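Enquirer: What would the 3D arrangement of this be:
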Amino acid sequence: MSDQQEREQAREQKRAQERPQERMRERAQGCGVGEGARPERSEPTLSWQGRYFEDFTVGDVYRHPLGRTVTTTDNTWLTLLTQNTAPLHFDAHYAAQTEFGKPLVDSTFTLALVTGQSVTDISQHVMANLGWDKVRLPHPVFEGDTLYSQSEVLLARASKSRPEVGVVTVRTVGFNQRGEVVIVFERTLLVYRRGYGPGFAEVRPVWDERSRKALS
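Expert: Residues are numbered from 1 along each chain as shown. Purely as a prediction, here's the structure:
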C-alpha cells in the first residue's frame, strides 16, 4: 500500500469515528440541547392532543380515560360558589331527614364533571360550545361516588358559515362505580378543522450551563 493510500485510509477511519458524534450533536441541537448536555436523549414525542373535526365519525364511542371520586368538599364548594341555598347539598342533619338519608351531590356539579371528563376526546379543539340538550339524571350521586363516562358521536357535519370548523353533536353518559347511569345529555359544539385554530405552545427547554449541571 502506498503512502497516499495509507493516508486516505486513515482519514476515512477518522471520518467514520466522527460521524456518530456529529449525529449526536445534530440531535442535541434539534432538541434545544447545548454542548455536553446529554445529547443522546431522543426528540420528545407529543402526547395526545385531542380530535379535530375530521377525526369524528358518527357512531364512534369514546370511553373517557379518567374517573373521579366526588368529595364532600366538591359538593359543598360548588353549591356555595353558585349560591345554591338548597340545604340538601350541604346540611347533613337536614339531608338525613330525607328519603336519601344523606346529602345529594349538586346535579350541576355532576354535569360539569362529566362534561370535563369528555374534553380530552371531544372538545380539546373546541371553537365554541353551542349547548346541552336532553339532560337527564336517572340515578342520584352521593359524596364518595366515583364517576366515569363515555360519549357517542351523533352528528358530524361541516359548518355552513364557518369553513374553519365543523359541527359535532355527542351523547355523553356518566355512570358510577356500580355502573348505574347518573347522567345522560347531548352536547353540540363547533370543533376546529385540522390546520386551523390556536396552536399549542412550542417552547423547548434551554440547556444553559446551570441546567446541564442538574443532569450530572
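Enquirer: Within the sheet, what are the partner strands of the host helix or strand of L189, with directions?
Expert: Secondary structure from DSSP states H and E places L189 in strand 181-192. Using DSSP bridges, the strands paired with strand 181-192 are strand 126-136 (antiparallel), strand 165-175 (antiparallel).
Enquirer: Next, the buried residues of the first one.
Expert: Across strand 126-136, burial judged by 16 or more other CB atoms under 10 Å covers 126-127. Glycine gets a C-beta too; all of them are placed from N, C-alpha and C.
Enquirer: Need the contact partners of it.
Expert: The contact list for strand 126-136 (CB atoms under 8 Å, 6 or more residues apart in numbering) reads 111, 115, 119, 123, 162, 164-165, 167, 183-192, 197.
Enquirer: try stretch 43-58
Expert: 27, 30-31, 119-125, 153-156, 165-166, 168, 191-194, 200.
Enquirer: Show me the shaky parts of this structure.
Expert: The model of the chain has pLDDT under 70 over residues 1-41.
Enquirer: where along it do the strands fall?
Expert: Remark: strands assigned in the chain by DSSP state E are 61-63, 68-69, 126-136, 146-158, 165-175, 181-192.
Enquirer: so can I have JSON lines of those showing distance to E54?
Expert: Below are these laid out as JSON lines (distance: least, CB to CB, whole Å):
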{"stretch": "strand 61-63", "distance to E54": "15"}
{"stretch": "strand 68-69", "distance to E54": "30"}
{"stretch": "strand 126-136", "distance to E54": "14"}
{"stretch": "strand 146-158", "distance to E54": "9"}
{"stretch": "strand 165-175", "distance to E54": "8"}
{"stretch": "strand 181-192", "distance to E54": "9"}
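Enquirer: dump the residue contacts of the most centrally placed residue in the chain.
Expert: By CA atoms, centre = their mean, the chain has its centre lying nearest to T120, at 3.7 Å. By CB under 8 Å, 6+ apart, T120 lies in contact with 48, 50, 64-66.
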